[in-house]
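> below: sequence and its predicted model.
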Amino acid sequence: MLTRVFKSGNSLAVRIPKELAIVEAAQEVEIEQVGNTLVVRAVQKETLGDLMDIFASFPKSFMAEGREFHEQKERDWNGFGKE
C-alpha cells in the first residue's frame, strides 16, 4: 500500500490509511528506525492492574537475600521548616 510523506510544521508526517490503523488518533506511539525501515508501535501504558504481572516478571533471584538494613540516625528537627 502506498502513501505519501508530507511536511507538518518542522516535521515530516506520514498519513496512515484507516485499514492499517493500530491505535486511536490521540494515542502515543513509538517509532524506531531499523536499517532503512521505520517501525511504529503503540505505547502500552502499564496500570495497577498490570502490577502482579510486573512482579511475576522479576527473576527468582531478585532480592533473594532480602533487603539491606541501615540503622537510622537521630535527626535534629529543631528549626525544621523555618526560614
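Nice, thanks for sending it over.
> isn't there a strand covering V40?
Yes. Residue state for V40 (DSSP: H, G, I helix; E, B strand; the rest coil) corresponds to a strand.
> start at 295, not 1
Fine by me, first position is 295 from now on; the one you just mentioned is V334.
> what's the neighbour count on it?
Applying other Cβ atoms under 10 Å, we find 13 residues neighbouring V334. Quick note: C-beta positions are derived from backbone N, CA and C, even for glycine.
> that one contacts Q321, correct?
No. Using Cβ atoms under 8 Å, V334 makes no contact with Q321, being 11.4 Å away.
> phi, psi of the closest residue to K301 other than its chain neighbours?
Excluding the flanking residues, the one nearest K301 by Cβ to Cβ, 6 or more residues apart in numbering is A307, at 7.3 Å. The phi/psi pair for A307 (degrees, to the nearest 10) reads phi -130, psi 150.
> hmm, who's touching the worst-scoring helix or strand of the chain on mean pLDDT?
Here the helix or strand of the chain ranked lowest by mean pLDDT, DSSP states H and E is helix 345-350, holding a mean of 87. In this structure, residues lying in contact with helix 345-350 by Cβ atoms under 8 Å, 6 or more residues apart in numbering are E340.
> and with 10 Å instead?
340, 342, 356 (Cβ atoms under 10 Å, 6 or more residues apart in numbering).
> cool, and stretch 305-314?
Contacts of stretch 305-314 (Cβ under 10 Å, 6+ apart): 295-302, 316-317, 323, 325, 332, 334.
> recalculate using a threshold of 7 Å.
Applying Cβ atoms under 7 Å, 6 or more residues apart in numbering, the external contacts of stretch 305-314 come out as 295, 297-300.
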